[in-house]
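A.B. asks: 3D, please:
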Amino acid sequence: NGLTLSTSSSGLKWADAKIGSGGALQTGAAASIDYSMASTGGRSPQLYSTQGTGAPYRWVLGDGSTIAGIETAILGDEKEGIAPMRPGGIRRLIIPSNLAYEKLPV
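C.D. replies: Below is the predicted model:
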C-alpha cells in the first residue's frame with residue numbers, strides 16, 4: 001500500500017492514508033467507523049469488514065466498549081506521539097494484543 005507505519009512505545013502501528021478535516025473527536029463523542037480486520041500483517045484473508053454491510057461500527061468514545069488500540073488511534077495520544085484523527089480521515093492500524101481484545105469484559 002506504500003504507507004510507512006509509525007510505531008508507538010505501546011506497539012500500536014499506524015499510518016494515515018488520508019488526513020481528514022475539521023476538529024478532532026473528544027472522549028464522550030459518538031464515533032462511527034468502517035473497518036476491515038485481517039491477521040497480523042495481512043497474511044491471511046480478511047476476517048471481517050463493515051464495508052459493504054451498510055452499517056459502520058458505532059460507539060461512544062471512552063465508554064469502554066471497543067478495544068484500546070482503536071480508541072488511541074482515533075483520539076490520539078500525545079505521549080505516544082499519535083495525533084488525533086479528524087473526520088473523514090483514513091488510518092491504517094496494526095494493533096498489538098496488549099491494545100486489543102484481552103481487556104474487554106466478558
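
A.B. asks: show me what Ala30 is bridged to.
C.D. replies: Val60 (DSSP bridges).

A.B. asks: so what's it up against?
C.D. replies: Applying CB atoms under 8 Å, 6 or more residues apart in numbering, we find Ala30 in contact with Arg58, Trp59, Val60, Leu61. C-betas here are computed from N, CA, C, even on glycine.

A.B. asks: apply 10 Å and report the result again.
C.D. replies: Arg58, Trp59, Val60, Leu61, Asp63 (CB atoms under 10 Å, 6 or more residues apart in numbering).

A.B. asks: retrieve the pLDDT associated with Gly52.
C.D. replies: With respect to pLDDT, Gly52 scores 78.

A.B. asks: I figured it hits Gln46, correct?
C.D. replies: No: applying CB atoms under 10 Å, one finds Gly52 not in contact with Gln46, separated by 11.0 Å.

A.B. asks: neighbour count winner among these two?
C.D. replies: Gln46 (11 against 8; other CB atoms under 10 Å).

A.B. asks: for the spatially most central residue of the chain, helix, strand, or coil?
C.D. replies: The centroid of the chain falls nearest to Ile70 when counting by CA atoms, centre = their mean (3.3 Å). Using DSSP: H, G, I helix; E, B strand; the rest coil as the criterion, the local structure at Ile70 reads helix.

A.B. asks: for it, what are its contacts?
C.D. replies: Leu12, Ala31, Ile33, Tyr35, Tyr57, Trp59, Leu61, Arg91, Leu93, Ile95, Leu99, Ala100.

A.B. asks: show me where the protein has strands.
C.D. replies: Applying DSSP state E to the chain gives strands spanning 6-7, 13-18, 30-33, 36-37, 48-49, 57-60, 90-94.

A.B. asks: off-centre distance for the longest one?
C.D. replies: If you compare the mean C-alpha spot of strand 13-18 with that of the full chain, they lie 10 Å apart, counting by CA atoms, centre = their mean, to the nearest Å.

A.B. asks: and if you look at the third one?
C.D. replies: Centre-to-centre, strand 30-33 and its host chain are 11 Å apart (CA atoms, centre = their mean).
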